[in-house]
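Visitor: task: produce atomic coordinates for the following.
(2 chains)
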There are 2 protein chains.
Amino acid sequence: MSDFPSDRTVAVLGGTGPQGRGLARRFAAAGIPVVIGSRDAGRAQGVAADLADATGGSVSGADNASAADEGDVVVVAVPWDGHRELLTGLAPRLAGKVVVDCVNPLGFDKQGPHALAVDEGSAAQQARELLPESTVVAAFHHVSATLLEDPAVAEVSTDVMVLGDDRDATDLVQALAGSIPGVRGIYAGRLRNAHQVEALTANLISVNRRYRAHAGVRVTDLPD
Amino acid sequence: MSDFPSDRTVAVLGGTGPQGRGLARRFAAAGIPVVIGSRDAGRAQGVAADLADATGGSVSGADNASAADEGDVVVVAVPWDGHRELLTGLAPRLAGKVVVDCVNPLGFDKQGPHALAVDEGSAAQQARELLPESTVVAAFHHVSATLLEDPAVAEVSTDVMVLGDDRDATDLVQALAGSIPGVRGIYAGRLRNAHQVEALTANLISVNRRYRAHAGVRVTDLPD
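Guide: Numbering: from 1, shown residues only, chains lettered A, B, ... in the order given. From the prediction side, this is the model:
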């Protein structure tokens, strides 16, 4: 598995939320230049300063639009509620870029978590429809934000399922996943099979509640 | 995690297919009495005789209806195509029993595997609608039939996600999964979250094609 090229900047939209912050922290710790994007540029700059301090890496903060401009690879880690609106607005800026969608459309009620129906099939397929000039990859759905953000966790012992229809792009995102110590980026199918990967997060939340864990997934029986 | 009670008979409907045969082999090897069910009783008896020889366990064969009668726990391992028809016909015989659905509604085309839409949400939810007097649990979706059937594979290093709405039933099926060396049965949510667990098999098939593996899934970060 190849290394992620260290001259590529990774933007994390929604980078002030737990998942985005956790991913940004690990990417920065791996020496990848990171831009945190948020609706609130000031908030993004604050989180960026904290992460730069914590990791010794190169982390800056900006509003989501500026972050999208700066990123060579753009990770979308916003809540599902804001997914469509954000991507619709940023489509021209994201043209020609690899966009990594890690959004899980979930609902919660008295019986716990459940997968939401998405007209396009999945968040990743919605992104593909909204961003026809970008190359959309789905990844990072199952990595615990709590573990990513915990400086005491040296290795995050989980795999990242990477889905997409463009081999160069999935290879690149597999390498990005592999920049996190302990993580393997595993190719896990085409974008049309993204729904169940996103939705499986509901099952992992059920696991967490039953076992008091921060569950992730390892794919078994792979060659070394 | 408790042991599966050894006085309970497990029937495997569709037990002459690879998945059913593989599960039956492992249950029998664990000392659980097994009945193989098939549309063709003679074929079921032939497979049963082979498995009894191979494992030294108690394995008999019968038509699906007789197997359903004999089983205390009834595993449904038929192809998705025959799922509705089989369960509709057997509903009275399955009343009061724990029915374990391990059917994956998948389609295949030039782009490979994909999840099929199911009106009821999932095969397991369809089973629940067709079997209102039974307790339906979903499990065993991701265990490689090839590994289950390979006598050289002493331990099947994978987890089984177990879903259902009745705690006693999911506990029982977790214990059944745990009877297979190397396997843990993990509670992974309510039946309404079965779709993505079934559909994830499409992703694992994509993994198998890319990496030439018999991929399964381990849930990470669980307490011992």
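Visitor: tell me which stretches of chain A form strands.
Guide: A:10-13, A:34-38, A:59-63, A:73-76, A:98-101, A:106-109, A:112-115, A:135-138, A:159-162, A:184-187, A:216-219 (DSSP state E).
Visitor: ok, residues contacting the fifth one?
Guide: It stands for strand A:98-101. In this structure, residues lying in contact with strand A:98-101 by C-beta atoms under 8 Å, 6 or more residues apart in numbering or on different chains are A:72-76, A:123-124, A:127, A:131, A:134-140, A:169, A:172-173, A:176, A:194. C-beta here means a position set from N, CA and C on the backbone, and glycine is covered the same way.
Visitor: quick one: strands adjacent to it?
Guide: strand A:73-76 (parallel), strand A:135-138 (parallel) (DSSP bridges).
Visitor: and the third one, by the same measure?
Guide: Within its sheet, strand A:59-63 is paired with strand A:34-38 (parallel), according to DSSP bridges.
Visitor: which residues does the closest residue to residue A:163 other than its chain neighbours contact?
Guide: Using C-beta to C-beta, 6 or more residues apart in numbering or on different chains and skipping the chain neighbours, the partner closest in space to residue A:163 is residue A:138 (4.2 Å). Contact analysis of residue A:138 by C-beta under 8 Å, 6+ apart lists A:100-102, A:122-124, A:161-164, A:191, A:194, A:197-198.
Visitor: buried among the contacts of strand A:98-101? Need that as a selection in PyMOL.
Guide: One line in PyMOL is enough to select the buried ones among the contacts of strand A:98-101; burial here means 16 or more other C-beta atoms under 10 Å in any protein chain shown:
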select buried, chain A and resi 73+74+75+76+123+124+127+131+134+135+136+137+138+139+140+169+172+173+176+194
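Visitor: okay, helices next: where are they in chain A?
Guide: Assigned helices in chain A, in chain order: A:18-29, A:41-55, A:64-70, A:83-94, A:123-130, A:145-149, A:167-178, A:194-211 (criterion: DSSP state H).
Visitor: tell me the centre residue of chain A?
Guide: residue A:102 (4.0 Å; C-alpha atoms, centre = their mean).
Visitor: is that one in contact with residue A:77, as I believe?
Guide: Yes - here residue A:102 reaches residue A:77: they are 5.5 Å apart, a contact under C-beta atoms under 8 Å.
Visitor: coming back round to it: redo the strands of chain A as TSV? Include mean pLDDT and distance to residue B:213.
Guide: As requested, those are exported to TSV (pLDDT from 0 to 100; distance: least, C-beta to C-beta, whole Å):
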stretch	mean pLDDT	distance to residue B:213
strand A:10-13	98	29
strand A:34-38	98	33
strand A:59-63	98	36
strand A:73-76	98	27
strand A:98-101	98	24
strand A:106-109	97	29
strand A:112-115	96	26
strand A:135-138	98	20
strand A:159-162	98	12
strand A:184-187	98	10
strand A:216-219	97	8
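Visitor: deepest of these, which one?
Guide: Most buried of those by mean neighbour count (mean count of other C-beta atoms under 10 Å in any protein chain shown) is strand A:10-13; its value is a mean of 30.
Visitor: for it, which strands pair with it and how are they oriented?
Guide: Going by DSSP bridges, the partners of strand A:10-13 are strand A:34-38 (parallel), strand A:73-76 (parallel).
Visitor: and residue A:154, what does it touch?
Guide: With contacts defined as C-beta under 8 Å, 6+ apart, residue A:154 is in contact with A:181, A:182.
Visitor: and residue A:192, by the same measure?
Guide: Contacts for residue A:192 (C-beta under 8 Å, 6+ apart) come out as A:121, A:125, B:111, B:114.
Visitor: the last one touches residue A:193, doesn't it?
Guide: Yes - using C-beta under 8 Å, residue B:114 makes contact with residue A:193 at a distance of 6.1 Å.
Visitor: what sits in contact with each of those two?
Guide: Joint contacts of residue B:114 and residue A:193 (C-beta under 8 Å, 6+ apart) are residue B:202.
Visitor: for chain A, give me the ranges with low pLDDT.
Guide: Low-confidence segments of chain A, defined by pLDDT under 70: A:1-2.
Visitor: how about 50 then?
Guide: Within chain A, no range satisfies pLDDT under 50.
Visitor: burial measure for residue A:88, as a count.
Guide: Using other C-beta atoms under 10 Å in any protein chain shown, residue A:88 has 10 other residues around it.
Visitor: how about it, nearest residue that isn't a chain neighbour?
Guide: Closest residue to residue A:88 apart from its sequence neighbours, by C-beta to C-beta, 6+ apart: residue A:130 at 5.6 Å.
Visitor: repeat that for residue A:184.
Guide: Residue nearest to residue A:184 in three dimensions, not counting chain neighbours: residue A:159, with 4.9 Å by C-beta to C-beta, 6+ apart.
Visitor: ok so, going back, list the contacts of the closest residue to the residue nearest to the centre of chain A other than its chain neighbours.
Guide: Setting aside the residues directly before and after it, residue A:102 is nearest to residue A:140 in space (C-beta to C-beta, 6+ apart), at 3.8 Å. Taking C-beta under 8 Å, 6+ apart, we find residue A:140 in contact with A:19, A:23, A:75, A:77, A:100, A:102, A:160, A:177.
Visitor: and which of those residues is nearest to chain B?
Guide: Distances from chain B to the contacts of residue A:140, taken as C-beta to the nearest C-beta, are shortest for residue A:160 (11.8 Å).
Visitor: roughly how far does the closest one sit from residue A:177?
Guide: Taking C-beta to C-beta, to the nearest Å as the criterion, residue A:160 is separated from residue A:177 by 4 Å.
Visitor: shared neighbours, these two?
Guide: In terms of C-beta under 8 Å, 6+ apart, residue A:160 and residue A:177 are both contacted by the residues A:139, A:140, A:183, A:184, A:185.
Visitor: measure residue A:156 to residue A:17 for me?
Guide: Per C-beta to C-beta, residue A:156 is found 18 Å from residue A:17.
Visitor: which of these two has more residues huddled nearby?
Guide: residue A:156 (22 against 16).
Visitor: could you give the number of residues near the residue nearest to the more buried one when sequence neighbours are not counted?
Guide: Residue nearest to residue A:156 in three dimensions, not counting chain neighbours: residue A:182, with 4.6 Å by C-beta to C-beta, 6+ apart. Counted with other C-beta under 10 Å, residues neighbouring residue A:182 total 16.
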